[in-house]
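Engineer: Whatever this is, show me its structure:
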Amino acid sequence: MHGCVRCGAPVPLTDALCGTCNPAGLRQPAASQAHGTVFLGIALAVVALGVALTVFVGGVGPFRATLREAVPDGDGLVITVAVENLGSRTGRASCRVWDPTYPGNPPVETYVRTPEVPAGDGLVFEQRVTGLGPTGRSLAVDCSR
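Structural biologist: Below you'll find the predicted structure:
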C-alpha cells in the first residue's frame, strides 16, 4: 500500500488514486508512462542546454598561449602571458600555468583568467600569482575556454 497521489488515502501499489478521487473508475496511468514522461523531460533539458551552450560560447577559442616571463615578486611571481584567440568570437580563456618538470602529486600549478581576447587576435597580459612559489622556474601554460 501507498498514499493516493491526490489525498493521501491508502491505495494498492498498482493504483495511483483512491476511489474517492477517481469515482468514475477511470483507467490509471502506468508507472512506465510516468517514468517515460520524466525521461523525456530530462532528455529535452539536456538538448536545450547543449543548444544554449553552442549559442553562448560557440566560436570562442581555441586559444594558443605562451609564457613570456615569470619574475619573482614577494611571495609569488608576476607572469607575462601572450594569448591568441583562434576562434570567430571574442572571449576569455582560463589558463593553467604549471611546472612541467615537477614529478610530484599534486602538481605545482595555478590558474589565471585572461581579459577579453578579440576573435582572430591576441594580447599580452601580466598577472601576479602565488600558487607557484616565489622562485623562478621552468613553467608551461595552456589556455582553453
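
Engineer: ranges for the strands of the chain?
Structural biologist: For the chain, applying DSSP state E gives strands covering 2-3, 10-11, 63-73, 76-85, 94-98, 109-113, 122-129, 140-144.

Engineer: the inter-axis angle of the third one versus strand 76-85?
Structural biologist: So that's strand 63-73. In terms of direction (axes from the mean of the first three to the mean of the last three Cα atoms, to 10 degrees), strand 63-73 departs from strand 76-85 by 160 degrees.

Engineer: Strand 63-73 versus strand 140-144: what angle between them?
Structural biologist: 140 degrees.

Engineer: Pick the most deeply packed of the strands of the chain.
Structural biologist: strand 76-85 (a mean of 20; mean count of other Cβ atoms under 10 Å). Glycine gets a C-beta too; all of them are placed from N, C-alpha and C.

Engineer: domain assignment for the chain?
Structural biologist: Taking automatic domain parsing as the reference, the chain has its domains at 2-57, 63-144.

Engineer: what about the helix-or-strand element of the chain with minimal mean pLDDT, distance to the chain center?
Structural biologist: When the helices and strands of the chain are compared on mean pLDDT, DSSP states H and E, helix 31-57 comes out lowest with a mean of 88. Distance of helix 31-57 from its chain centroid, counting by Cα atoms, centre = their mean, to the nearest Å, is 17 Å.
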